[in-house]
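**Student:** I would like to see how this sequence folds:
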Amino acid sequence: MPEGTDRTPISQQSASQPIQPDTQSDIQPDIQSEAAVDAGRLESLVAQLNPPVARILEAALAGKDISVADAVILFETTGLEFSALGMVADELRRRTVGDLATYVVNRNINFTNVCIKRCGFCAFSRDFREEEGYFLPVNEIIRRAKEAWDYGATEVCIQAGLPPQMEGDLYIKLCAAIKEELPEIHVHGFSPEEVLYGSIRSRCTIREYLRGLQDAGVGSLPGTSAEVLDQPLRDHISPGRISVDQWVEVITTAHELDIPTTSTVMFGHVETNEHLARHIALLRDIQQATGGFTEFVPLSFVNTEAPMFLKGLVEDVRSGPTGMDVIKVHAIARIMLNNWIPNIQASWVKEGSRLSQLLLTAGVNDLGGTLINESISTSAGAQHGQLMRPAEFRQMIRQAGRIPAERYTTYGLKRVFDQDDGQVDPLDLVGDNVEEIFGSYRKLVQLDTFRFEHPRQSTRPGVETRS
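**Tutor:** Alright, predicted model coming up:
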């Protein structure tokens, strides 16, 4: 457990300990009065709902944590109860983090799509025998990181497949190489699945491997490879994937070492409402113990190219969540996590800009990153592009009646745009030729330049650095 971490629920913390910088709490008296009136109207509305739903939402508005059984009831809402669900989530968001809506300027670098795992939901990975397998060498990864920095990025997100016979310290070497060239950039890298794989290949403990990443300069871990934290379900959709216990071990050990992480869920496939409620409750339990999660990110299942849907590998797979499902998951996440994880993020890559904007009225306070090279969702068939310009984020946020702010990875604020945008960001000047400037997954898998060669088969000099 990191020293000095406050385990008091957010709703009970002193006003002298704001979740965001003071800009969030600098509210004029007339605005405070207006907010109080709106809250009173909401409470009156909630009192008119069906009694079970009214009881749960009243408890949430009173600052109490709701149970798994309560969450399941909320997942079943329709009509007025569904509308009230979003309104309560939005009110809790306002009370906890105010009216700022944030984003981060970052770049995804998925350095290989070759993977030893065969997850039913993943359309990104390739077996090393397939013609579309690629592996970016260290100099190309650094080039992409430098390019992102020049375009204003403060973060690079490093995730990839699990290549066969990988050198155990590859992730540590990559992180160290990036930090040597760009000491000020934040490396948000290596999922729990990758940390586990690195530790196995290195023949060391998870803690020892995390210390190696920390010494190399990793700033935070993405809390991906979570899907739904229910072991029978994981065995059904992705046998051989990191187990629930292993995922929790990586995450909690990272938190103990003072390495923050995000948290996620993938929904809209074969999971039930109870699966989702239990998943969120488990994350809440971890946060209560460690305080190490910076955010929660619901991720819609994209079915278009997913093997378990396309090839019928898993029975009764849905074609992704409905629009109402998406709103419910984000709103219920806000209600369940509000006292403990202040930041709920909408993934514009999964949901698109229109639905992401709507989610800003249902408990969401963050829109994620610019990404520049989004590959994983794109390979699965997502149609929302690989880059979101900062000006586009700001426009979406303003249209939703909120105040845009650029943040750093761990939610410190870089700039608040409470008046106007000021100077144009370098990424805002990028035209429609995004693929020509930054490349794309579609082009990358066709290039021979970075074609993956298995260590046993390679004839290229220096390939041992990529094995």
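**Student:** avg pLDDT for stretch 56-74?
**Tutor:** Average pLDDT, stretch 56-74: 98.
**Student:** which helix or strand contains R95?
**Tutor:** Secondary structure from DSSP states H and E places R95 in helix 79-97.
**Student:** now do that helix: everything it contacts.
**Tutor:** The contact list for helix 79-97, computed with C-beta atoms under 8 Å, 6 or more residues apart in numbering, reads 10-11, 19-20, 24, 35, 38-39, 42, 45-46, 48-50, 53, 57, 60-61, 74, 77, 324, 327-328, 330-332, 334-335, 338, 342-344, 361-365. Using the backbone N, CA and C atoms, a C-beta is placed for each residue, glycine as well.
**Student:** recalculate using a threshold of 6 Å.
**Tutor:** For helix 79-97, the surrounding residues in contact (C-beta atoms under 6 Å, 6 or more residues apart in numbering) are 10, 19-20, 42, 46, 49, 53, 57, 60, 74, 77, 331, 334-335, 338, 342, 361-363, 365.
**Student:** so what's the gap between that helix and the chain middle?
**Tutor:** The chain centre lies 21 Å from the centre of helix 79-97; the measure is C-alpha atoms, centre = their mean, to the nearest Å.
**Student:** now do the buried residues in that helix.
**Tutor:** Buried residues in helix 79-97, counted by 16 or more other C-beta atoms under 10 Å: 81-82, 84-94, 96-97.
**Student:** of those, closest to H275?
**Tutor:** Of all the buried residues of helix 79-97, L85 has the smallest distance to H275: 18.8 Å, by C-beta to C-beta.
**Student:** where do the helices sit along the stretch 351-467 of the chain?
**Tutor:** Secondary structure of the stretch 351-467 of the chain (DSSP state H, counting those that start in this stretch): helices located at 376-380, 390-399, 434-438, 441-444.
**Student:** give the residue spans of the stretch 201-350 of the chain that score low on pLDDT.
**Tutor:** Low-confidence segments of the stretch 201-350 of the chain, defined by pLDDT under 70: 305-312.
**Student:** list the contacts of H269.
**Tutor:** Neighbour list for H269: F301, V317, R318 [criterion: C-beta under 6 Å, 6+ apart].
**Student:** and the last one, what does it touch?
**Tutor:** Taking C-beta under 6 Å, 6+ apart as the definition of contact, the neighbours of R318 are G268, H269.
**Student:** try it again at 10 Å.
**Tutor:** By C-beta atoms under 10 Å, 6 or more residues apart in numbering, the contact set of R318 is F267, G268, H269, V270, E271, F301, N303, F309, D325.
**Student:** any idea how far it lies from R144?
**Tutor:** Distance, R318 to R144, by C-beta to C-beta, to the nearest Å: 35 Å.
**Student:** what's the angle from the helix or strand containing H330 to helix 79-97?
**Tutor:** Here H330 sits within helix 323-337, counting by DSSP H and E. If you take axes from the mean of the first three to the mean of the last three C-alpha atoms, to 10 degrees, helix 323-337 sits at 40 degrees to helix 79-97.
**Student:** among the contacts of R318, which are located in strands?
**Tutor:** Those of the contacts of R318 mapping onto strands are F267, per DSSP state E.
**Student:** farthest-separated two in the contacts of R318?
**Tutor:** Spanning the widest gap among those are F309 and D325, at 16.1 Å by C-beta to C-beta.
**Student:** compare these two (neighbour count), which wins?
**Tutor:** F309 (23 against 18; other C-beta atoms under 10 Å).
**Student:** for the helix holding H330, name the packing helices and strands.
**Tutor:** On a contact count with 3 or more C-beta pairs under 10 Å, 6 or more residues apart in numbering; DSSP states H and E, helix 323-337 meets helix 51-61, helix 68-75, helix 79-97, strand 261-267, helix 273-290, strand 293-300, helix 348-359.
**Student:** surely I66 meets L74?
**Tutor:** Yes. Counting by C-beta atoms under 10 Å, L74 is a contact partner of I66 at 7.8 Å.
**Student:** what's the overlap in contacts for these two?
**Tutor:** Jointly contacting I66 and L74 under the rule C-beta under 10 Å, 6+ apart are I56, L57, A60, A277, I332, I335, M336.
**Student:** show me which of those is closest to I403.
**Tutor:** If you rank the shared contacts of I66 and L74 by distance to I403 using C-beta to C-beta, I335 comes first, at 22.9 Å.
**Student:** next up, the contacts around the residue nearest the centre of the chain.
**Tutor:** The structure's the chain has its C-alpha centroid closest to V297; by C-alpha atoms, centre = their mean the separation is 4.3 Å. Residues near V297 by C-beta under 10 Å, 6+ apart: 222-224, 226, 262-266, 330, 333, 343-347, 350, 364, 366, 368.
**Student:** re the thing from before, only the buried subset of the shared contacts of I66 and L74, as a PyMOL command please.
**Tutor:** Only the buried entries of those go into this PyMOL selection, using 16+ other C-beta under 10 Å:
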select buried, resi 56+57+60+277+332+335+336
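**Student:** quick check: T262 touching L221?
**Tutor:** Yes. Counting by C-beta under 10 Å, T262 touches L221, with 7.6 Å between them.
**Student:** identify the contacts common to those two.
**Tutor:** Applying C-beta under 10 Å, 6+ apart, one finds that T262 and L221 are jointly contacted by H188, S191, I251, G292.
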